[in-house]
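> give me a 3D structure for the following:
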Amino acid sequence: MLNKEKIRKKFLKIRKNNYYEVNKKFFEPLITFLNKKFKNKKFNLSFYYPTNYEVNTLKLIELLSNKKNITTLLPLTNSNKMMSFTKWSFLDILKVNKFGILEPIKIKKNLVPHVSLVPLLAYDKRKFRLGYGKGYYDKYFNKYLKLNKNITTIGVAFSFQKYHKLPTSNFDVKLDYILTEKGI
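The predicted structure follows:
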């Protein structure tokens, strides 16, 4: 069995070589899911700003920009190697963080998402994900699970990112769903 670092390298290459620009249809199952789950109730949706051949979630933000019941959030990283989320609208100014990822320049207020779209390099049928290895998402979700916060986690990926069984530890948080071009 490959270790996490070898799987990371393998899937960075696979994703780069197989990447394609998704269209709005990719996100239709997610929009249907959100509409059923929240039925016009207000909720916070965190997503990631795509980088390094990740599925382009900006298409989704365009689709949701006129929805008054959804507050969109982007992650921020801090010097304590922790992550938080703050409100972000499509035209708000961003800055490049130390990892080369865009994040909001204006920190309004830290908000907890009701639904979190999570980037990943690989996932398995058990809904575990492999990220870049810094543990930001796992730390965040572990913290809020202990506080009994119910955050629905959805990994966003291409179906070719599926791995048979990822190595995991007690620290790794299992996702609730995986969204690919084949659906949720």
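> give me the longest strand you can find in the chain.
Taking DSSP state E as the criterion, the chain has its longest strand at strand 70-77.
> would you mind pulling up the elements that it packs against?
Here strand 70-77 touches strand 43-46, helix 58-64, strand 83-87, strand 102-104, going by 3 or more Cβ pairs under 8 Å, 6 or more residues apart in numbering; DSSP states H and E. The way it works is simple: take the backbone N, C-alpha and C, and place the C-beta from them, glycine included.
> which other residues reach the first one?
Spelled out, it's strand 43-46. 34, 64, 69-75, 85, 111-117 (Cβ atoms under 8 Å, 6 or more residues apart in numbering).
> cool, the longest one as well?
When contacts are defined by Cβ under 8 Å, 6+ apart, helix 58-64 is touched by residues 22-24, 26-27, 30-31, 45, 47, 49-50, 70, 72, 90, 117.
> okay, who's weakest in these by pLDDT?
In this model, the minimum pLDDT among those belongs to Phe90 (79).
> circling back: just the buried residues of the contacts of strand 43-46.
If you count burial by 16 or more other Cβ atoms under 10 Å, the buried members of the contacts of strand 43-46 come out as 34, 64, 70-75, 85, 112-117.
> ok, back up a step: from the contacts of helix 58-64, pick the one nearest Glu103.
Tyr49 (7.0 Å; Cβ to Cβ).
> just give the closest residue to the closest one, not the sequence neighbours.
Excluding its sequence neighbours, the residue lying closest to Tyr49 (Cβ to Cβ, 6 or more residues apart in numbering) is Leu102, at 4.4 Å.
> the one you found contacts Lys95, doesn't it?
Yes - between Leu102 and Lys95 a contact is recorded at 7.1 Å, counting by Cβ atoms under 8 Å.
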